[in-house]
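K.L.:
Need coordinates for the below:
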Amino acid sequence: MGKINIAITGCMGRMGQQLIRSAIKDKSTKLVALTENRSINKKINGIRPELNTEKAFGKANVIIDFTIPKCTFEVLKIASKLEKKVVIGTTGFTKKEEDLIKKFSKKIPILKAGNMSLGINLLMYLTEITSASLGSNYLSKVFEVHHKHKKDHPSGTALMLGKGIAVGKNKDFYKMMGKKFLNKKKFPYGKKINFNSVRKGEIIGEHEVTFSNGKEIIKLNHEAFDRALYSEGALTAAKWLINKKPGLYSMRNLLNFK
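P.N.:
Okay, here's the model as predicted:
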């Protein structure tokens with residue numbers, strides 16, 4: 001098979017720029033379109049950024065979207081009409097929006113992940129196993145740190161890990177979601193899953209899941225040092241998705257975790 005034609009949305013953002021760098025280096029992909037939510041009067045790697053339109057995405061095999069929910073749904077509407085595959089790294093969706101993404105996936109293949117890192121997806125898998133193995137007397141909480149520019153909190157990855165705790169207990173995550181703290185030095189365990197998000201400096205990403213019964217503490221954690229982890233993971237996802245039928249997939253499917 002020849003090179004996979006890639007379109008990148010939000011091309012002027014931090015992840016958009018990182019995705020462009022990784023796509024240029026990847027010999028199995030070809031960058032054919034870049035989009036932004038405003039006019040950009042310069043070319044990037046020989047491509048002039050456009051708004052999200054059918055024309056912009058016409059030549060793409062896969063669209064990679066790391067933006068905001070509003071933009072993601074704009075992209076999904078166009079992709080659905082053109083029958084394009086979409087990799088979603090956007091975070092901050094509501095439950096209603098998550099359900100809407102499932103509806104789009106009935107027509108086109110979508111791979112959605114709050115984090116594209118192999119290590120984080122392994123951490124989520126271990127979180128599920130740990131949660132399932134420990135009794136109900138163990139309470140849990142999730143801590144995360146990101147750079148000061150990140151707007152949403154908890155991070156999509158933190159929510160993924162919280163969902164892993166819920167899945168391990170065979171419970172509804174949204175019913176188990178507890179309090180959401182921001183920039184606290186300490187935060188409590190609860191009967192539900194509490195989250196604490198810290199925004200400072202230029203930190204790429206740190207995540208920690210903690211379980212305790214008051215007599216011992218079990219910690220599972222991950223620290224990212226290079227944003228290329230996510231962009232390279234997204235390109236791997238795009239290449240994996242190219243031969244898939246309509247459906248909603250995750251990095252877990254790609255990595256073949258049970």
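K.L.:
residue at max distance from the center of the protein?
P.N.:
Ranking residues of the chain by C-alpha distance from their mean position (C-alpha atoms, centre = their mean) puts Lys215 at the top, at 34.3 Å.
K.L.:
quick one: the spatially most central residue of the chain from Asn121, how far?
P.N.:
The residue at the geometric middle of the chain, judged as the C-alpha nearest the mean C-alpha position with C-alpha atoms, centre = their mean, is Gly114 (2.2 Å). In this structure, Gly114 lies at 10 Å from Asn121, with C-beta to C-beta, to the nearest Å as the measure. In this view, the C-beta of every residue, glycine as well, is placed from N, C-alpha and C.
K.L.:
One more: Ser212?
P.N.:
The spacing between Ser212 and Asn121, counted by C-beta to C-beta, is 24 Å.
K.L.:
who has more neighbours, the two?
P.N.:
Between Ser212 and Asn121, counting by other C-beta atoms under 10 Å, Asn121 is the more crowded of the two (24 against 16).
K.L.:
Give me the next element, helix or strand, following the host helix or strand of the more buried one.
P.N.:
With secondary structure defined by DSSP states H and E, Asn121 is part of helix 118-133. Reading on from helix 118-133 to the C-terminus, the next helix or strand found by DSSP H and E is strand 139-146.
K.L.:
Domains of this structure: list them as residue ranges, please.
P.N.:
The record's domain split for the chain, according to automatic domain parsing, is 4-112+227-255, 118-224.
K.L.:
Run a quick neighbour tally on the residue nearest to Val198 when sequence neighbours are not counted.
P.N.:
Counting by C-beta to C-beta, 6 or more residues apart in numbering, Val198 lies nearest to Val145, which is 4.4 Å off, once chain neighbours are set aside. The local packing of Val145 (other C-beta under 10 Å) involves 21 other residues.
K.L.:
now swap in Gly13 and tell me
P.N.:
That count, for Gly13 with other C-beta under 10 Å as the rule, works out to 17.
K.L.:
same check, this time on the one 5 residues further on
P.N.:
Other residues near Gln18 come to 20 when the count uses other C-beta under 10 Å.
K.L.:
residue ranges with poor pLDDT in the stretch 151-258 of the chain?
P.N.:
258 (pLDDT under 70).
K.L.:
in it, which spans are helices?
P.N.:
Taking DSSP state H, counting those that start in this stretch to define them, one finds helices in the stretch 151-258 of the chain at 156-168, 173-176, 228-241, 251-255.
K.L.:
and the longest one, which residues are buried?
P.N.:
When you say that, I think you mean helix 228-241. 229-241 (16 or more other C-beta atoms under 10 Å).
K.L.:
Would you reformat those residues as TSV and include distance to Lys25?
P.N.:
Conversion of these to TSV gives the following (distance: C-beta to C-beta, whole Å):
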residue	distance to Lys25
Leu229	14
Tyr230	14
Ser231	10
Glu232	9
Gly233	14
Ala234	13
Leu235	9
Thr236	13
Ala237	16
Ala238	14
Lys239	14
Trp240	18
Leu241	20
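K.L.:
quick one: contacts for Val86?
P.N.:
The contact partners of Val86, by C-beta atoms under 8 Å, 6 or more residues apart in numbering, come to Val62, Ile63, Ile64, Asp65, Val75, Leu76, Ala79, Ile108, Pro109, Ile110, Leu111.
K.L.:
Sitting in helices, which of those do you find?
P.N.:
Using DSSP state H, the members of those that fall in helices are Val75, Leu76, Ala79.
K.L.:
how many other residues sit next to the second one?
P.N.:
Residues near Leu76, counting by other C-beta under 10 Å, number 23.
K.L.:
now do the last one
P.N.:
Per other C-beta under 10 Å, the neighbour tally for Ala79 reads 25.
K.L.:
Contacts only, for it.
P.N.:
The neighbours of Ala79, taking C-beta under 8 Å, 6+ apart as the test, are Phe57, Ile63, Lys85, Val86, Phe104, Ile108.
K.L.:
roughly how far apart are it and Thr53?
P.N.:
Using C-beta to C-beta, we find Ala79 at a distance of 12 Å from Thr53.
K.L.:
what do you get for the first one?
P.N.:
Counting by C-beta to C-beta, the gap between Val75 and Thr53 amounts to 10 Å.
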